Structure formats: structure tokens, C-alpha cells
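Participant: sequence plus the predicted model coming up.
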Amino acid sequence: MPEGPEVRRAADRVHAQLAGRRLEHVWFAFPALAPRADSLVGRRVSAVDSWGKALLTRFDDGRVLYSHNQLYGVWKLHDAEREPDTGRSLRVRLVAEGRAASLYSASDVSLWQQDRLGDHPFLARLGPDLLTHGVTVGEAMARLREPRFQRRRLGGLLLDQSLFAGIGNYLRSEILFFAGLHHRARPTDLDETDLAHLARTILEVTRQAYEHAGVTNRPEWAAADRAGGASRRRWRFAVFEREGLACHRCGTPIERTMVASRRLYACPRCQAAS
DNA sequence: GCTGCATGATGAA
DNA sequence: TCATCCTGCAGCA
């Protein structure tokens, strides 16, 4: 569940599974963490939330479990007595009052004191989370105008977690498409109207992905794709991974390029360089 | 079975 | 900007 919206959904699920419950069993695959597992037994899970792509499991003694799934980590919820059927490697298991949450495959996990979380090297550099920190359009515009960001090209800037935490590679393509912008455009190139449109699009596409389990395509376009027999991988997005297929807006074939060492998909007509 | 790629991030240059 | 690490999996023998 790689990008911010999916991580937030995972956090919601783990929260619903464990929040308020007392831990009966804690297991860590990591040598640095394993000795501390027993010290969590008896504590309650107070909340599970996310910040960008980081998932934070909070305990009632002020400690916080940080986990980052990178490309492959996944949380599974299950009954304590029932082992999930997965060939993946178990990394974390939290069992509270008979209910369990297990983290598989993730390799970046650490335990922090709540008041020292700001020392985490990754969290320390994160910008506001678009879903959890209640960013407004005006605040997003102001952030895009900050001197350290305003002259950078959007193709690289949107992936920078210090701008807004949680935007990943598929959201970058989707946001630029819905904003009608070329990846080489800079915030300074945009007038008030276009900057507002970009800010609103960043918030809306991210929110849409959160509410619809990662689907950012417009319902009517997705329906048309599905009617044509497209797989979820194809109908899920408006442009991402649609190289060679007709743009939903103008029919021009979608193009794929590498920008900042990542795949970027765009409509050469709707997102022409200005 | 092997290879390359991936919705990610880092550190060196 | 590039190589590298992390792990799983799709695609191809």
C-alpha cells in the first residue's frame, strides 16, 4: 500500500482492529526491536495514524511504533489464533484482546518515544500530510509559493515529501493530468488562477484516492474502461500506466517519459509545455 | 528458475 | 543524477 492514501487506509484498519485494546503479545523480527517487545505487553494501543507514507502505532505509555512499507510492506488483520495465509515474511505482530495485526515484508520499523518522534530522520523532513493535517487550498498555495519550492519543476517537486507528505509516483501523474500541467512547469510559472487550480487538484486527487481505495480515475471514465474489458490496473487511473491509450479528454495517445528517475504518464495535448 | 521492474528512499558524486 | 538497498511478483525461459 505504497502512497499516502493507501497508508492512511491501512492505518484506519489497524486502528479499528487494535485501538483501545490491551496488548497480550508483541513480536518483532528485528534484532534491535525484539528485546523490547515484552515491554509493550500490557500496554494499550491508543491510536494508529499516518503521516505521508509512514504509519504510526501509538501506545498508552507514550511510545510510538514507526513503520514504512516502501513498495512491498502490507498489514494483515486477523484473529490471534489464525495465521494469515501468506508466503511473506512476518516482521511485526501485535495481538490485543484476541485480535491481531501483522506487518509483512516491511524492513523499516523502529520504536520511539512520542516526544522524540521529531528526531526521526524521515519524519523530520516531511511536509504536512494532505489527509490528516487538514491542509486548505490557501495553505497549499502558500506552500507552493515558498522560496525553497517555487522555482522547482513540478515533476520533481511533487515527489519531494518535504512539500506535501504522501504524494507518490501514481499521484504525481494523476495530479499533473487533472491540473492540465506539464511536468516542467514551476509554481512561479503559474498565475493565481492556475496555482489555485493546482493546489485544489493536489488536495482533491489525494482525497479521492483515500476515499476510493486508490482509484483516481473519474467514475464515468473508469466505467467506460471497465465496459471495454480493462483490468483494474487499467481502469484505476486517468493517465498512469495508460501509455498509448487514448486520453480521456481529447483522444490523443498518452505518453510515458522518465522524470526524476520515475515513470511519468501524460497527455501531450492536454498537458502541453507552455 | 531467472531477470527486471515496482505505488520508495538514501547516500555518494 | 546514479547506484544501491529493501522485497515480491510478473513475465519469460
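Facilitator: Received it, and whenever you're ready, just let me know what you need. Residues are numbered from 1 along each chain as shown, chains lettered A, B, ... in the order given.

Participant: please report how far residue A:20 lies from DNA strand C.
Facilitator: For residue A:20, the distance to DNA strand C equals 30 Å [Cβ to the nearest atom of the strand, to the nearest Å]. C-beta coordinates here come from the backbone N, C-alpha and C atoms, glycine included.

Participant: for that residue, which non-adjacent residue is spatially closest?
Facilitator: residue A:44 (6.5 Å; Cβ to Cβ, 6 or more residues apart in numbering).

Participant: and that neighbour, how many neighbours?
Facilitator: 17 (other Cβ atoms under 10 Å).

Participant: that one reaches residue A:21, doesn't it?
Facilitator: Yes - between residue A:44 and residue A:21 there is a contact under Cβ atoms under 8 Å: 6.4 Å.

Participant: pull up the overlap in contacts between the two.
Facilitator: Residues touching both residue A:44 and residue A:21 (Cβ atoms under 8 Å, 6 or more residues apart in numbering): residue A:96.

Participant: about what we covered before: for the residue nearest to residue A:20, what are its contacts?
Facilitator: A:20-23, A:59-60, A:96.

Participant: after the helix or strand where residue A:93 lies, which helix or strand is next? Please name it.
Facilitator: Secondary structure from DSSP states H and E places residue A:93 in strand A:90-96. Next helix or strand after strand A:90-96 toward the C-terminus (DSSP H and E): strand A:99-104.

Participant: report the buried residues of the helix or strand that that following strand is followed by.
Facilitator: Next along the chain after strand A:99-104, taking DSSP H and E as the criterion, comes strand A:108-113. Using 16 or more other Cβ atoms under 10 Å as the test for burial, strand A:108-113 gives A:109, A:111-112.

Participant: same deal with stretch A:40-49?
Facilitator: A:40, A:43-49.

Participant: next one: it to chain centre, how far?
Facilitator: Relative to the chain's own centre, stretch A:40-49 is displaced by 23 Å; criterion: Cα atoms, centre = their mean, to the nearest Å.

Participant: check contacts around residue A:66.
Facilitator: Taking Cβ under 8 Å, 6+ apart as the test, what residue A:66 contacts is A:54-56, A:108-112, A:117, A:120, A:123.

Participant: mind putting these in a markdown table, distance to DNA strand B included?
Facilitator: Output for these, formatted as a markdown table (distance: Cβ to the nearest atom of the strand, whole Å):
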| residue | distance to DNA strand B |
| --- | --- |
| A:54 | 7 |
| A:55 | 11 |
| A:56 | 14 |
| A:108 | 8 |
| A:109 | 13 |
| A:110 | 12 |
| A:111 | 18 |
| A:112 | 15 |
| A:117 | 15 |
| A:120 | 9 |
| A:123 | 9 |
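
Participant: wait, doesn't residue A:52 sit right on residue A:7?
Facilitator: Yes - using Cβ under 8 Å, residue A:52 is in contact with residue A:7, at 7.5 Å.

Participant: between those two, what contacts are shared?
Facilitator: With Cβ under 8 Å, 6+ apart, residue A:52 and residue A:7 have common neighbours residue A:166.

Participant: who has more neighbours out of these two?
Facilitator: Counting neighbours by other Cβ under 10 Å for residue A:52 and for residue A:7 shows that residue A:7 has the greater number, 30 against 27.

Participant: what strand or helix carries the residue nearest to the more buried one when sequence neighbours are not counted?
Facilitator: Nearest in space to residue A:7, with sequence neighbours left out and distances taken as Cβ to Cβ, 6+ apart, is residue A:50 at 4.7 Å. Secondary structure assignment for residue A:50, by DSSP H and E: strand A:45-51.
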